[in-house]
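Visitor: Got a sequence here, can you build the structure:
(one chain, ligands or ions: 2)
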Amino acid sequence: MTITAIAFDLDGTLVDSVQDLARAANAMRAEMGLPALDPATVESYVGDGAASLVARTLRDSHAAEFSGSEDEKRAMELFNSHYRAGLTIATKFYPRVQEVLHTLHERGVPLAIVTNKPERFTLPLLRELGVFEHFDAVISGDTASDKKPSAAPILLAAERLGVPVEGLLMVGDSKNDILAGRNAGCPVVAVSYGYGEVESLGADAVIHDFRDLLEFIDSGL
Ligand SMILES: O=C(O)COP(=O)(O)O
Ligand SMILES: [Mg+2]
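Guide: Ligands and ions are numbered 1, 2, ... in the order given. Okay, the predicted model is just below:
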């Protein structure tokens, strides 16, 4: 397998954003007269984009999906404004992410972000963390025709990077990332430290430390 480019998931893979997501969700809940949720509960609701996160944190239920009710619309507006005002208060890169991104960028490997987070958060977050310039394509949850687990955002990333999708490695922390990679026909590496349980989902490799990505890539480049 020859890897010519890499697409990274964002939340749970490059950055731990749970504290800021939980703060925004709880600020929304407080304004709606609801008690706070603990960050671990909010973490379990992350992965399918902001609308799902808002519906789930509003109802405190994994089964909740955004239906467009007046309550949900108000919750969405509140969440959006609180999260946009504090995208990187506590959000941090996981260990060794910056050094590996820098190494890959220096080597000239085309890099993309493929996240379910909406553009209005993804773009300023990458800028605030100082890594926006490392990426040749940024595909957010509302950039392509559909979100992960659809293949659409990965196919769009490959098109924008100008590489065949078979050589684009998808790196992610959740079932959605692995399924999207499989649906797109590209190799997949899962990280074990993120928000999803990935050990038995059929990724080509599961890594526990971000630096192990270099070894995986060097075996295929
Ligand atoms: O915003 C989300 O729900 C998850 O985002 P991710 O695709 O970067 O993990
Ligand atoms: Mg993720």
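
Visitor: May I have the phi/psi pair for the residue sitting nearest the centre point of the chain?
Guide: With distances taken as Cα atoms, centre = their mean, the chain has L10 as the residue nearest its mean C-alpha position (3.2 Å). Main-chain torsions, L10, degrees, to the nearest 10: phi -100, psi -70.

Visitor: Same check on S69?
Guide: S69 has phi and psi values of phi -70, psi 160 when expressed as degrees, to the nearest 10.

Visitor: Could you find the closest non-adjacent residue to the closest residue to ligand 2 within the chain?
Guide: For the chain, the residue closest to ligand 2 is G12, as judged by Cβ to the ion, at 3.6 Å. C-betas here are computed from N, CA, C, even on glycine. Using Cβ to Cβ, 6 or more residues apart in numbering and skipping residues adjacent in sequence, the residue nearest G12 is G194, 3.1 Å away.

Visitor: Check the burial of the one you found by counting its neighbours.
Guide: 23 (other Cβ atoms under 10 Å).

Visitor: Make 4 the starting number, not 1.
Guide: New numbering, starting at 4: the last item is G197.

Visitor: From M31, how far out is the residue nearest to the centre of the chain?
Guide: 21 Å (Cβ to Cβ, to the nearest Å).

Visitor: so the residue nearest to the centre of the chain sits right up against T125, yeah?
Guide: Yes. Using Cβ atoms under 8 Å, L13 is in contact with T125, at 6.5 Å.

Visitor: overlap in contacts of the two?
Guide: 116, 118 (Cβ atoms under 8 Å, 6 or more residues apart in numbering).

Visitor: any idea how far P167 lies from ligand 1?
Guide: Per Cβ to the nearest ligand atom, to the nearest Å, P167 is found 23 Å from ligand 1.

Visitor: Give me the neighbour count for that residue.
Guide: The burial count for P167: 13, using other Cβ under 10 Å.
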